[in-house]
Each structure stands twice: as structure tokens, then as C-alpha cells.
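*Asks:* I'd like to go over a predicted model; first the sequence, then the structure.
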Amino acid sequence: MVSSPETIHCLKSSMRLSTVVPATVTGQEHKVHELTNMDLAMKLHYIKGIYFFKSDAVEGLTVKDFKKPMFQLLQLYFAVSGRIRRSGTGRPFIVCNDGGVRTVEACCDETIDEWLAMAVEDDSVFDGLAYNQALGDPDLGFSPLVFVQFTWFKCGGMSVGLSWANVLGDAFSASEFLNLWGKIMAGHVPLKSQHMPDPAKSEFPLLVLPKLTPNSLKRVDSVGDSWLTPSSCKMKTHTFHVPTEKMDNFLSNQTAKVSAFEALSAIIWKSLSKIKENPEQSRMVTIVYTNKSLRGMKFISNGMVWSTVEADFLVAEAEVSELVGLILNKRADENGMIKEMMGNNECGELSSDFIAYGANLTFVNLEEAEIYGLELKGQKPIYANYSINGVGDEGVVLVLPAGPKYGKDRDDVNGDRTVTVVLPENQLAQLKVDLKKNWNIA
């Protein structure tokens, strides 16, 4: 089997890039998409989604067939095909100039099964399947906000890779974007625009700086027009699979009603606290939940709820149930402070930017994300996963569904889970050992 660096090199050498624009010219009334303060807090992060389809799901289809529904999709999501500009004060916004989404075609000499087998040992093989380019590389004003990559495998199967600038919206927005693309391809065309309402007008700088800095953000030196997170260590990604039976066992041991997300977050929080050299570093974590009031609204947004939890005891010595209790009952919502901080960041504080994911160890609840909602020829992906690029040194943990939901009202509470972690390389190696030894999670 080919090693992952050689495989990715072969992929890149076969890549062909092109651009898809909206089916019609965006009207003057929609030419500017103001970015909210929550959007700007996410500007140094990028969401990556990977979907694998068997050969019979894509048999007879060509890249032209995949591009055709994108013209209609972008007519609805016109901000997605825009480009970043700055106002007179320096505040970024999106000009909806129909610059387009970049599509990438690639071919691979391996089968999907071989590729997924490589990923068990090294998630970096997924890097070649979702095009990686930060905003501002090389020019902010011309950088696409979204890349969609189609990679054909030797077996006839195909992967769809999404690279989505987090400044546009969160992982729910990203997955809904692709799900709608699949629906349009199947002939189901929505009538309404997916453009976000304009809430940013009330979010411009305030006269008084906020008294508190949100704990869920970390200040970094200004990146200027190159929106890439500085990192002081090598970050690695790994995906754990937690089957239904094991998840049921975890949850049955809890006295309160908890979700898989809370249980898995508590387990990993405890494990990593044993690994860190300074136990004090692991007392505070960031918890990110979906805002259910926004999920039914079909527009792009950074609508997740950011909060922090702080333990007043040594996490490494705590019971998992104690940590679950903290996550459930002691979260401090910081969205308001984040909005204030970002709104005032252009008032004499342009010398800095912020990171959110990885400012603290960050747990993100994506259990309700419909990452298996993308269908091609009526078939769901055999495997789908999401990750985040631009993560700070404390790392991020994403809890996702490990398959499509078929339960009553699609409420598959105790189904399999995928846990994708991005951590410093040395911590990740130790976490793998600890989770396997103490929890039989691999």
C-alpha cells in the first residue's frame, strides 16, 4: 500500500481546478453580506467535510453532472460565491460579486477500502481529499470561500470533499449546503434564498470596551490579510469510533439523563488532564452546542452557542459523572461577550486577532448534524466525517453521528458515534493509549 505522503502527492498532481458561479447575476439588493461579530470570531478557522460513495452511487455520472446543480445552489447561497472585502474602518464583509466556488477534480490509484484502511492509522490521508487553501493565500480579495473536491477511486467510487471558510457559517451550515446540492441534483429545487438576514448592522463597534474577555477566545497577533492561524506545535487529527453498545454502556452508568456528547467529552477531558504536564491547564474547557432555535432556519450562520466550564478540583482525579455534571449544569454562555469583544476589536485594537477552536480544549457537539444527509442517486455515503483546520494548541474534539439516522423522528440518541480530535501530536499519541487501555475506545 502506498504511504499517505506519496498518495497525497499523486492526488495533487492529478488535480484540475475550475470555478462554478451562480446561475443568474446576484441583484444589487444582495451585493453586500455583512459579517456578524460571531462570524469574525471564526475567521481563522476552516471546516473540512469528507463523504465517500460506492461506485453504484456515482456510476454514469461525470463532474459536469455534479457542477450543473451548483449553478442553482449558488443562486440561493450567493454569499458563498462572494469574496472578502474591507470597509473604510477595516471591518471585513463579503461582496457578493459572483466570484464563484472553486471545484477540484482528482483521481486516485487506490480503492475506497484501501484509503479508509490507511485512515485508521493516519487521518492525514483525508487531507488530500478536501482542498486546503487559507483565505489570503495568495490574495484575500480573490480567495474563494469554498472548495468542493471530487476524487475518483480505482474501484469506481468517489469522495466529495468540502473546504468551507468558517467565517461563512458553522458546520451545520456547511453540511446543509452540501445536502441541498444533493437535493437539487435529484430534482428537488427550493424556492427561497438561503441568504442570511442582515444582523450585523447592530453589531458595529460600541463606545465602551467590554469589561471581560471571553475565556473561549485567545488573542493572537494580527494576521493581516492572510487568515491562517499561527501554531507553536504540530497538530494531528485522529478519528475514534464508538459503537452503539459501548455508548449505551457509558450512558447507563450515569444517574442523570445525558447525551453521548456529554459522556464522551467528560471521558476525554479526564484522559487529557492526566496527560498534560500542568494539571491547572485542563481545569477549563470550552463547550460548543448547536443553537436549536436557529437550526430550522435555512440560512448560513455561525449560530452555535459557545460556553466555558471550569472545575475547582483536579480533573484527572475526578469521576466521569462529576465532569458530566459540570458540563450539564455549570456552563457559562459567552456568545454575548464574544460579540462585544469582536465588535470592539476595531476600536484601537487592530493589532490582534483571535482563535476560538483550541483556545481551550474545545468540545463541539455535532451529534445532530445531518452529515449523512447528502445523497447521490438516492444513496447515502458509506462514510462521512468532519474536522476543523486552524485549531489552537489546546485542541478540539468533535462528536458526530457515525451513520445515517433512521429512528422515530430521526432521534437516534444512542447510535454509533464518531469522535474526531485535533491535538498536538504528542498528546494525541498518549490519548490513543489511554482511551484504549481504560475505555477500550480505538
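*Replies:* Good, I have the coordinates. Numbering: from 1, shown residues only.

*Asks:* Please enumerate the strands of the stretch 251-400 of the chain.
*Replies:* Here the stretch 251-400 of the chain has its strands, by DSSP state E, counting those that start in this stretch, at 284-289, 305-310, 332-333, 352-355, 361-365, 383-389, 396-401.

*Asks:* Check which helices and strands the second one sits against.
*Replies:* When contacts are defined as 3 or more CB pairs under 8 Å, 6 or more residues apart in numbering; DSSP states H and E, strand 305-310 sits against strand 284-289, strand 332-333, helix 335-344. For the C-beta atoms, the positions are set from N, CA and C on the backbone; glycine is no exception.

*Asks:* The last one packs against which elements?
*Replies:* When contacts are defined as 3+ CB pairs under 8 Å, 6+ apart, helix 335-344 packs onto helix 37-41, strand 305-310.

*Asks:* Compute the inter-axis angle for the helix or strand just after the shortest one and strand 383-389.
*Replies:* Remark: after helix 37-41, the chain's next helix or strand is strand 46-53, criterion DSSP states H and E. Orientation of strand 46-53 against strand 383-389 (axes from the mean of the first three to the mean of the last three CA atoms, to 10 degrees) gives an angle of 170 degrees.

*Asks:* Find the residue closest to Asn302 in space, skipping its chain neighbours.
*Replies:* Spatial nearest neighbour of Asn302, chain neighbours left out: Met38 (4.3 Å); criterion: CB to CB, 6 or more residues apart in numbering.

*Asks:* I'd like to check which residues are in contact with that neighbour.
*Replies:* Ser301, Asn302, Gly303, Asn335, Ile338, Lys339, Met342 (CB atoms under 8 Å, 6 or more residues apart in numbering).

*Asks:* do the same with Val399
*Replies:* Ala260, Phe261, Leu264, Ser265, Phe363, Val364, Asn365, Leu366, Glu367, Arg417, Thr418, Val419.

*Asks:* And those, which is closest to Phe240?
*Replies:* Val419 (4.3 Å; CB to CB).

*Asks:* beta partners for the residue positioned nearest the centre of the chain?
*Replies:* In the chain, the centroid-proximal residue (CA atoms, centre = their mean) is Ile47; its distance is 3.5 Å. On the basis of DSSP bridges, Ile47 is bridged to Trp164, Ile388.

*Asks:* Pick out the one among the contacts of Met38 with the largest number of neighbours.
*Replies:* With neighbours taken as other CB atoms under 10 Å, the top of those is Asn302, carrying 29 neighbours.

*Asks:* Thought Leu40 was touching it, still the case?
*Replies:* No - if you go by CB atoms under 8 Å, Asn302 and Leu40 don't touch, sitting 9.1 Å apart.

*Asks:* Find the residues that touch each one of those two.
*Replies:* By CB under 8 Å, 6+ apart, the residues touching both Asn302 and Leu40 are Val167.

*Asks:* how close does Ser163 sit to Gln149?
*Replies:* Going from Ser163 to Gln149 by CB to CB, to the nearest Å gives 7 Å.

*Asks:* Need the residues touching each of those two.
*Replies:* Ala130, Tyr131.

*Asks:* Give the residue spans of the stretch 301-442 of the chain that score low on pLDDT.
*Replies:* 345-351, 405-414 (pLDDT under 70).

*Asks:* repeat for the stretch 101-250 of the chain
*Replies:* 191-212.

*Asks:* contacting residues for Tyr372?
*Replies:* Each residue near Tyr372 by CB under 8 Å, 6+ apart is listed here: Lys380, Pro381, Ala384, Pro401, Gly403, Pro404, Lys405.

*Asks:* out of these, which are buried?
*Replies:* Lys380, Pro381, Ala384, Pro401, Gly403, Pro404, Lys405 (16 or more other CB atoms under 10 Å).

*Asks:* Between all of the residues you listed, which two are separated the most?
*Replies:* Pro381 and Lys405 (13.5 Å).

*Asks:* Helices of the chain, start to end?
*Replies:* 4-13, 37-41, 55-58, 63-76, 112-121, 171-185, 244-252, 260-275, 292-295, 320-329, 335-344, 425-439 (DSSP state H).

*Asks:* Quick one: closest of these to Arg91.
*Replies:* Between the helices of the chain, helix 37-41 lies closest to Arg91; by CB to CB that is 7.9 Å.

*Asks:* Please put the alpha-carbon coordinates of that closest one into CSV.
*Replies:* Extracted in CSV, the C-alpha atoms of helix 37-41 (Å, rounded to 0.1, in the frame of the first residue of the first chain):
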residue,chain,number,x,y,z
ASN,A,37,-19.3,39.6,15.2
MET,A,38,-19.6,35.8,15.7
ASP,A,39,-18.6,35.3,12.1
LEU,A,40,-15.4,37.4,12.6
ALA,A,41,-14.5,35.4,15.7
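
*Asks:* any idea how far it is from the chain center?
*Replies:* In this view, helix 37-41 has its centroid 15 Å away from the chain centroid, taken as CA atoms, centre = their mean, to the nearest Å.

*Asks:* hang on, the earlier thing: with respect to Lys154, which of the contacts of Val399 is nearest?
*Replies:* Thr418 (25.2 Å).

*Asks:* Quick check: that closest one touching Leu400?
*Replies:* Yes - between Thr418 and Leu400 there is a contact under CB under 8 Å: 4.6 Å.

*Asks:* The two - which one has more neighbours?
*Replies:* Leu400 (25 against 21).

*Asks:* residue contacts, that one?
*Replies:* Here Leu400 is in contact with Leu366, Glu367, Ala369, Ile371, Asn385, Tyr386, Arg417, Thr418, Val419, Thr420 (CB under 8 Å, 6+ apart).

*Asks:* and of the residues you listed, the nearest to Leu272?
*Replies:* Once CB to CB is applied, the member of the contacts of Leu400 that ends up nearest Leu272 is Val419, at 12.6 Å.

*Asks:* Tell me the bridge partners for that closest one.
*Replies:* Phe240, Val399.

*Asks:* and it, how many neighbours?
*Replies:* 23.

*Asks:* try the one 4 residues further on
*Replies:* Taking other CB under 10 Å as the neighbour definition, Leu423 ends up with a count of 27.
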